[in-house]
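Q: Return atomic coordinates for the entry below.
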Amino acid sequence: MEFLKTSFCSAEDTGLTESGKADCEDKCPFKSCAEPCDDGYFCSYRNYQDGPCQPCETLVVHPDECDARGWANTGVEQCEERCPQKACSKRSHCTSLDAKYFCNYANFGEGSCEMCAGMKSIDECNDRSASDAALKECIEVCENVVITSCITNEDCKGREGFFCNSNTTICQACPSAILDNSDWHVNQCLNSTYPRLGLIDESSQNNCADACHTECADIREGSIIVQDLYDVGKDGNLPMLGTPYTSVSGPLVDCQFGGEGECSPDAPDNFICLISRGVRKFSDKAVNCKDMGGIGVILYNNEENNAIVDGYVGDELGGAVEIPITAISLQDGLTLLENGLGLEATVNLKKAGEDCKIGCSDGIACPLGQYCDNALESHGYCKECLSDDDEQRGVCFLSGLPLRGAQECANTCESTLASKTCKICGSDVSGISLESAKEGVPTCNFCPDGLKRQYWEREIPFIGSNATCYKLNQFFLNYQLPESDANCQLALNFNYICDCEGPGYAGADNDTKRMALVWVPRVSAILSFIGSCAIIIDVLKDKKKRHKVYCQLMASMSIFDLMGSVAYSLTTIPIPKGE
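A: Purely as a prediction, here's the structure:
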């Protein structure tokens, strides 16, 4: 049991009952390294002068991995001294995110965890395995760890997710945001100080960037049905990363925090474990559930924010967890705890596909036809250009991309702030000109008198569909373009739609000019209508003119002019007031 601060056990948001809090404090005391650590524990000295004692059982599989955790030298020495090679009776006992281990089964299914690192051929499993079961385990676990020599990435192509480290001439596994560090991005290939990668030569960095730019994750979906009490689809639960995808059914049993012996002793066979978040790792909860006869886990949160927790419960081989585990909110968990125990529960988890994204940065280009969104400022992920101009315009300029992302989007996808149907926009309106104003240069103020909330959702036609006053105002506030920029001047000509001060459409910046802009085409259209009617009447009442080609053409043109004149004479009359 990992030592925990007593304050955790007594906190109000743990979801523990009074008896649960007492049991937590009894089993999970907080012990400082200022006191000697008990047998089976060591002091890591991490972030502390004398931090808490750490358990060898849950943190260290083999003494060789003590120096991979970032602990102080004193902590590494104490770890190596106090933590022996871990004993095992199944694969899950040897699970570690720092290295690959297999359970070297000996007599009666007992054995010790052996490290795969350093193997140059899978045939070495024959010499290192103590039994046929251990040999099978070694081959399954260590196959992806076997050292492969290389000169270029071509030599590593048989091993998906590997690149050639030119310095060591060995195929090396690409890091993963799931298995290694959540901040992993292919741009780290170019960072010579990135932990456990540290590629100092340019050739290795380029090899890493070429082979490790794509990160894929399962699209996970699940459903939970507890007789007539509870039926939740994919929006109400989240299968955990690394869980087996399968469907299981059985009676629902309360297993508290998922510790050994925490399920009801009189639980029926093949039950579903209902477990609270907290105290121990998700994978340990699932392993303990299976050991006690469970066939699936429903994990509920212990925080009152109606959130569904996500987590990772296995390694690349899925060795840590053999039964499905999915998560639900605290509220749903309490509902099942109060009313669902003993009822038949069905957990159905499936992989609905893969969500893959390609990393990019200044030094790592996107494939042809894609742009880098630079969502992480100095780097981001590649996005494909859309076929619909209006949608692409919205993505490039109004979706909140950083300025560099908007620039790449506009340039790659040949998108501009103005719609192709805009007749007065001009050819100088372009995404290429997007650049924040330099210090001292006046910036574009789309709505100098402030955008009123009542006009937020008004659409601005020159950009296209779904371009609202609010989005365009945020565009100029975010990017701080210079006032002289063509995009700014174009937007200011239309800001009257949002009831903002500005030059107005075609220079109509006051009510008198706007009224003139409405009535000038209206009057001219009425005169044109009268003139066209006169031509048609003149042609129709004269028999000779009706047979002349010239007069026939004039009459035909006048008929078409009548329709145009009617449209121009109506101008803004059909538009609802206030639009």
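Q: Show me the strands in the stretch 251-400 of the chain, by range?
A: 271-276, 294-300, 325-328, 344-361, 370-372, 379-384 (DSSP state E, counting those that start in this stretch).
Q: Save the ones you listed as TSV, and put in mean pLDDT too.
A: Converted to TSV, the strands of the stretch 251-400 of the chain look like this (pLDDT from 0 to 100):
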stretch	mean pLDDT
strand 271-276	92
strand 294-300	92
strand 325-328	92
strand 344-361	90
strand 370-372	93
strand 379-384	92
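Q: Quick one: closest of those strands to T214.
A: strand 344-361 (5.3 Å; CB to CB). Heads up, the C-betas are built off the backbone N, CA and C, glycines and all.
Q: and the angle for the closest one with strand 294-300?
A: Interaxial angle, strand 344-361 versus strand 294-300 (axes from the mean of the first three to the mean of the last three CA atoms, to 10 degrees): 60 degrees.
Q: Strand 344-361 to strand 379-384, inter-axis angle?
A: 100 degrees.
Q: buried set for strand 344-361?
A: Residues A345, T346, V347, N348, L349, K350, K357, I358, G359, C360, S361 are the ones in strand 344-361 that count as buried (16 or more other CB atoms under 10 Å).
Q: CA-only coordinates of the helix or strand containing E77 in PDB, if you can.
A: Per DSSP states H and E, E77 falls inside helix 73-82. Only the C-alpha atoms of helix 73-82 are listed here, as PDB (Å, rounded to 0.1, in the frame of the first residue of the first chain):
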ATOM      1  CA  ASN A  73      21.400  10.300  -6.400                       C
ATOM      2  CA  THR A  74      20.900   9.500  -2.700                       C
ATOM      3  CA  GLY A  75      17.300   8.300  -3.600                       C
ATOM      4  CA  VAL A  76      18.600   6.100  -6.500                       C
ATOM      5  CA  GLU A  77      21.200   4.500  -4.200                       C
ATOM      6  CA  GLN A  78      18.600   3.800  -1.500                       C
ATOM      7  CA  CYS A  79      16.200   2.400  -4.200                       C
ATOM      8  CA  GLU A  80      18.800   0.000  -5.600                       C
ATOM      9  CA  GLU A  81      19.800  -1.100  -2.000                       C
ATOM     10  CA  ARG A  82      16.300  -1.600  -0.700                       C
END
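Q: For the remainder of this discussion, apply numbering that starts at 600.
A: Sounds good: first residue 600 from here, last item helix 672-681.
Q: And the contacts of it?
A: Helix 672-681 has contacts (CB atoms under 8 Å, 6 or more residues apart in numbering) with 636, 638-645, 653, 655, 659, 662, 665-666, 668, 670.
Q: which residues of the stretch 1050-1178 of the chain score low on pLDDT?
A: The stretch 1050-1178 of the chain contains residues with pLDDT under 70 at 1061-1064, 1102-1110, 1112-1113, 1116, 1170-1178.
Q: re earlier: report the rounded mean pLDDT for the helix holding E676.
A: Mean per-residue pLDDT for helix 672-681: 84.
Q: what does stretch 833-848 give?
A: 88.
Q: in that stretch, what's buried?
A: Quick answer for stretch 833-848 (16+ other CB under 10 Å): G835, N836, L837, P838, M839, L840, G841, T842, P843, Y844, V847.
Q: Same question for stretch 996-1008.
A: Buried, per 16+ other CB under 10 Å, within stretch 996-1008: F996, L997, L1000, P1001, L1002, R1003, G1004, A1005, Q1006, E1007, C1008.
Q: Identify the residues contacting the fifth one.
A: Translated: L1002. Neighbours of L1002 in contact, by CB under 8 Å, 6+ apart: L1033, E1034, S1035, N1077, Y1078.
Q: Closest one to S875 out of these, please.
A: N1077 (42.3 Å).
Q: rewinding a little: Throw the strands of the stretch 850-999 of the chain into TSV and include distance to V852, thanks.
A: Shown next, in TSV, are the strands of the stretch 850-999 of the chain (distance: least, CB to CB, whole Å):
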stretch	distance to V852
strand 870-875	4
strand 893-899	7
strand 924-927	15
strand 943-960	9
strand 969-971	50
strand 978-983	43
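Q: And those: which comes nearest E1058?
A: strand 978-983 (24.4 Å).
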